[in-house]
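Novice: Would you be able to build a 3D model of this:
(chains A and B)
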There are 2 protein chains.
Amino acid sequence: MELHVVINGRKDLAGQLYQQLRSAIESGRLAAGTQLPPSRLLAEQLSVSRKTVSDTYAQLTYENFLTGVIGKGTYVNARPAQIVRKQSHTQLASSAVIEYWRNMPDFLRHPALEGSLRYDFIGGATSKGQFPHDDWRRCTAHALRQIGGSKGFYSVPEGLPALRNAIARHIAFSRGVNCQDEDVVVCNGAQQALDLISRVLNQPGSRVAIEDPGYPPARLLFSSHGAEVVAVPVDEQGLVVEKIPDGTRMIYVTPSHQFPLGMPMSQARRVALLERAYELGAIIIEDDYDSEFRYEGRPTDSLQSLDERGIVAYVGTFSKTLLPELRLGYAILPPAILEAVIRAKQLTDRHTSTLPQWAMAKFIAEGCLLRHIRRCHAIYAGRRERLLARVATDLSPWLEAIPTDAGFHMVLLFKVPVDLPLLIELARKVEVGLYPLDPFYFREPSRLGLLMGFGAIETLDIDTALDRLRDILQQVI
Amino acid sequence: MELHVVINGRKDLAGQLYQQLRSAIESGRLAAGTQLPPSRLLAEQLSVSRKTVSDTYAQLTYENFLTGVIGKGTYVNARPAQIVRKQSHTQLASSAVIEYWRNMPDFLRHPALEGSLRYDFIGGATSKGQFPHDDWRRCTAHALRQIGGSKGFYSVPEGLPALRNAIARHIAFSRGVNCQDEDVVVCNGAQQALDLISRVLNQPGSRVAIEDPGYPPARLLFSSHGAEVVAVPVDEQGLVVEKIPDGTRMIYVTPSHQFPLGMPMSQARRVALLERAYELGAIIIEDDYDSEFRYEGRPTDSLQSLDERGIVAYVGTFSKTLLPELRLGYAILPPAILEAVIRAKQLTDRHTSTLPQWAMAKFIAEGCLLRHIRRCHAIYAGRRERLLARVATDLSPWLEAIPTDAGFHMVLLFKVPVDLPLLIELARKVEVGLYPLDPFYFREPSRLGLLMGFGAIETLDIDTALDRLRDILQQVI
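Specialist: Below you'll find the predicted structure:
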């Protein structure tokens, strides 16, 4: 195969590469079944970063132009004839917007959906096999009785009173959040809370500050509202507050357990952040996604609990404490935006399904949630200990952990240069799922790392998995 | 009380009235507890329409400046001191967007939430007491087993394969919709389907055509995406296709059962609409909200079934066929926008809760949905007959029905001038809930009417309710 790609200058390298590969495939110059060069090789040839090439491959794979075969390489797909034919019938006037959405990176499709590995350090997965069936079944039976007695109308956009009350009491207790029932808006997970808050704050051109590294779905979401998203670096104390640019309207942070790095935001930075936001007239979104699990020292309360001016919107979720697929989360909103967000929720999907709402209200009110969190906490603490112990001993020549005291993932940074894609590929071959840190960076990262989730892997499997990782490290470095 | 309002010219009458009333209340010139003049009276004094005044009152009521007391009048509220204090702390940079959302008319808050009447002709409510408890409980038990066996990850944005399959088969059968499982996207009710489709088609300034009269939540939603929403009149054949302006990107219609008027779109208009949309490069949204209930003649298939070019996005819901508060709906999408809508769904809330999804998949697959529709169909048919019989006989001096053959509401038009707000108020006093047609108009309506829902009222109550209506009509006209 001959692949002719010409890169001009240093601007939009990924865009140039994407366009040329795509047109080569569409025109048939790159025939179906052709194997593309490994991303490492092509990056060297073109003098671009490995990330530029692998991102472009990922994009084209997502768009069905390419298929990646693990351990083999990346291949050009046959174009599905039927879809091409049907699309060619229509010349849509608004195709630029459609293209924007169609090309949205698929960050949110959970990798494990494609088949999970025996030893999987995937992030964002709750502890398998720990789901409290009996409690949940009883609470769902309660929900069914409530629904059976309903009048057949729509419910209220802000959420069922019973659930708003349960949430307010739960997070006041567990996270020191300062709120009344009326400040709570029930959402379909934290992602919808971010969507609604951003909708009522931003318009095309609004400036939004996010953490770098940070949470890509938040960045993509805010961009989709037309916001100018500015990536502000984090250091060991959290967001570097003085780098938040003037004109910022909304600041998205993860102060309790920085995503993805894991350290908490220092007290000094919290105070500075609140001051800076107030000065800007900006709203802070505090995404407190998993900090009900805390392991060491004095619990860090929420940033919201320090806010005396009503500028923090606190976002939480039951995806980490119970189950992601229930799609239940919440926002605790300051008066300035509460009513606006409720209206946005109503116009978007009227309200969250009452079936999981009633069940969750009962589940919290009866103490099942706290019991479940305590049970999972003990499990996660054991897994975390195991990981830290190994990183401190036999894995220490290659890896070090970023200190963290919450959640159920940690970041391991490489102390030495490594061919990370190769490492990940070799690990997959022995059923160990590893996930690189660099997709969470907005700019090129200074160091390579791994995001190690310990929600899905069994405690007794951790040592086996890390033995295999060690063997591979010995082999490739 | 002296109320000084000055209206200049004929532009933005509602805006002028709103500003003056609001500033009078905020400055304390209109003190807490003051009764405002009846809207009829103020409208006469200012030479503006009754609708202008009552919309302004409604807006101020919604914003908590006013309270309406049924049978008494409209009063100025005391301002809640705490909220004013807290808000004054923050000068938000982005307050214009927040204000936009905060002032969003509250069309979607179901009136019956505030307490329903004994004889309520409310629209959009399913038949009370008909909910199939036993079937639904069994299907939910199935859902719980599926969730219990889950891996603790997120699910897929497009919806569970089992539910996509069940929906595709159901609507192919019941509505002649031409689709495969892969064309189905599961949403939180039809409202979210509209949100997602509009997001991927529109950007600020995009032109969207809707029906007038039409469905206000759709209009407000499309406007909130920055679209320029153009109201196109409907006549007895449905949307007047030649009035769709050039540059339109999206056309929102209800061809099977025009909302709110009720007539189906004629075959000629359907063909013309498809041609016009194709010529414009526009996507048509077909909102087929309740046409699984059909009473007369040959069933009219969906508009989507005539579409050979992939330009119709079909939207359906289980709110009318099962229960609104479950929040389950779906879109059947043409290839041009399918992938984009899935990405938008994913970024918005990742996916719809799997608990109701699994239950609904089972409920459809086992035939429970069709059985339930058949049962409700028989009930609605009886209620519809009763309504039509009375309109054709003793109510005929005042009212006539717009012919319709589907759904569970109909429109009655007045043949004579009537003080409609007074009529509605008198009816409420005798526990009869009536709902005016004019809020569904974009322009001023040429005739007054009532939207008569028969989902919530019991069949045996209809004659009593209409007796009372007749007595009031005799009294006020």
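Novice: and the stretch 301-450 of chain A, which residues reach chain B?
Specialist: With C-beta under 8 Å from any C-beta of the partner chain as the criterion, the stretch 301-450 of chain A meets chain B at residues A:308-311, A:319, A:323-328, A:334-337, A:339-341, A:343-344, A:346-356, A:359. Glycine gets a C-beta too; all of them are placed from N, C-alpha and C.
Novice: State the number of residues packed around residue A:290.
Specialist: If you count neighbours by other C-beta atoms under 10 Å in any protein chain shown, residue A:290 ends up with 25.
Novice: Verify the stated contact: it with residue A:406.
Specialist: Yes: counting by C-beta atoms under 8 Å, residue A:290 does reach residue A:406; the two are 6.8 Å apart.
Novice: ok so, going back, report the buried members of the residues of the stretch 301-450 of chain A next to chain B.
Specialist: By neighbour count, with 16 or more other C-beta atoms under 10 Å in any protein chain shown, these hold A:310-311, A:319, A:323-328, A:334-337, A:339-341, A:343-344, A:346-356, A:359 as buried.
Novice: Tell me which of the residues you listed fall in helices.
Specialist: In helices, defined here by DSSP state H, the members of these are A:335-337, A:339-341, A:343-344, A:346-349, A:354-356, A:359.
Novice: Which one of the residues you listed is nearest to residue A:135?
Specialist: Ranked by distance to residue A:135 (C-beta to C-beta), those are led by residue A:359 at 9.8 Å.
Novice: Just confirm residue A:464 is within a helix.
Specialist: Yes: the assignment for residue A:464, made by DSSP: H, G, I helix; E, B strand; the rest coil, places it in a helix.
Novice: what's the nearest residue to it once chain neighbours are set aside in contact with, if anything?
Specialist: Excluding the flanking residues, the one nearest residue A:464 by C-beta to C-beta, 6 or more residues apart in numbering or on different chains is residue A:119, at 6.6 Å. By C-beta atoms under 8 Å, 6 or more residues apart in numbering or on different chains, the residues touching residue A:119 are A:431-433, A:457, A:461, A:464-465, A:468.
Novice: Show me the longest helix that occurs in chain A.
Specialist: Using DSSP H, we find that the single longest helix of chain A is helix A:368-392.
Novice: elements contacting it?
Specialist: helix A:133-148, helix A:161-175, strand A:399-401, strand A:409-414, helix A:462-476 (3 or more C-beta pairs under 8 Å, 6 or more residues apart in numbering or on different chains; DSSP states H and E).
Novice: please redo it, this time with the cut-off set to 6 Å
Specialist: Applying 3 or more C-beta pairs under 6 Å, 6 or more residues apart in numbering or on different chains; DSSP states H and E, one finds that helix A:368-392 contacts helix A:462-476.
Novice: Next, the angle helix A:368-392 makes with the helix it packs on.
Specialist: 30 degrees (axes from the mean of the first three to the mean of the last three C-alpha atoms, to 10 degrees).
Novice: which residues sit against helix A:462-476?
Specialist: Helix A:462-476 is contacted by residues A:119, A:383, A:386, A:390, A:394, A:398, A:423, A:426-427, A:430, A:432 when judged by C-beta atoms under 6 Å, 6 or more residues apart in numbering or on different chains.
Novice: Recalculate using a threshold of 7 Å.
Specialist: Identification of contacts with helix A:462-476 by C-beta atoms under 7 Å, 6 or more residues apart in numbering or on different chains yields A:119, A:383, A:386-387, A:390, A:394-395, A:398, A:418-419, A:422-423, A:426-427, A:430, A:432, A:457.
Novice: which residues does the closest residue to residue A:199 other than its chain neighbours contact?
Specialist: Computed as C-beta to C-beta, 6+ apart, the closest residue to residue A:199 that is not its neighbour in sequence is residue A:344, at 5.1 Å. Shown in contact with residue A:344 (C-beta under 7 Å, 6+ apart): A:196, A:199-200, B:101.
Novice: Also residue A:223?
Specialist: Going by C-beta under 7 Å, 6+ apart, residue A:223 touches residue A:229.
Novice: Just want the phi and psi numbers for it.
Specialist: Main-chain dihedrals, residue A:223, degrees, to the nearest 10: phi -60, psi -40.
Novice: From residue A:206, how far off is it?
Specialist: Distance of residue A:223 to residue A:206, computed by C-beta to C-beta, to the nearest Å: 11 Å.
Novice: residues near residue A:246, how many?
Specialist: 7.
Novice: swap in residue A:414?
Specialist: Using other C-beta under 10 Å, residue A:414 has 18 other residues around it.
Novice: shouldn't it be in contact with residue A:449?
Specialist: Yes: using C-beta atoms under 7 Å, residue A:414 is in contact with residue A:449, at 6.4 Å.
Novice: quick one on the thing from earlier: what's the closest of the contacts of residue A:119 to chain B?
Specialist: If you rank those by distance to chain B using C-beta to the nearest C-beta, residue A:457 comes first, at 11.3 Å.
Novice: hmm, who's touching the helix or strand where residue A:194 lies?
Specialist: Element membership for residue A:194, per DSSP states H and E: helix A:189-201. For helix A:189-201, contacts defined as C-beta under 7 Å, 6+ apart pick out A:187, A:217-218, A:221-222, A:225, A:227, A:249-250, A:283, A:285, A:287, A:289, A:313, A:315-317, A:319, A:327-331, A:337, A:340-341, A:344-345, A:348, B:94, B:97-98, B:101, B:348-350.
Novice: which parts of the stretch 151-300 of chain A sit against chain B?
Specialist: For the stretch 151-300 of chain A, the contact set with chain B under C-beta under 7 Å from any C-beta of the partner chain comprises A:151-156, A:188-189, A:191-192, A:195, A:200-204, A:206, A:217, A:220-221, A:224, A:249, A:280-283.
Novice: which residues of chain A score low on pLDDT?
Specialist: Counting by pLDDT under 70, the ranges of chain A that qualify are A:1-4, A:6, A:9, A:11, A:62-64, A:69-71, A:79-94, A:106-115, A:297-299.
Novice: Mind splitting chain A into its structural domains?
Specialist: A:13-76, A:113-129+A:371-476, A:131-367 (automatic domain parsing).
Novice: And the ones you listed: which comes nearest residue B:254?
Specialist: When these are compared (using C-beta to C-beta), the closest one is domain A:131-367, at 17.7 Å.
Novice: start to end distance for that closest one?
Specialist: For domain A:131-367, the first-to-last residue distance is 15 Å (C-alpha to C-alpha, to the nearest Å).
Novice: likewise stretch A:438-450?
Specialist: Distance across stretch A:438-450, first residue to last, is 8 Å (C-alpha to C-alpha).
Novice: List the buried residues in that stretch.
Specialist: A:438-442, A:445, A:448-450.
Novice: do the same with stretch A:388-396
Specialist: A:390-391, A:395.
Novice: before we move on, the earlier item: can you tell me which two in the contacts of residue A:119 are farthest apart?
Specialist: Farthest-apart pair in these is A:433 and A:464; separation 13.1 Å (C-beta to C-beta).
Novice: ok, the two, which is more surrounded?
Specialist: residue A:433 (21 against 16).
Novice: pretty sure that one contacts residue A:117?
Specialist: Yes: contact status for residue A:433 versus residue A:117: in contact at 4.1 Å, counting by C-beta under 7 Å.
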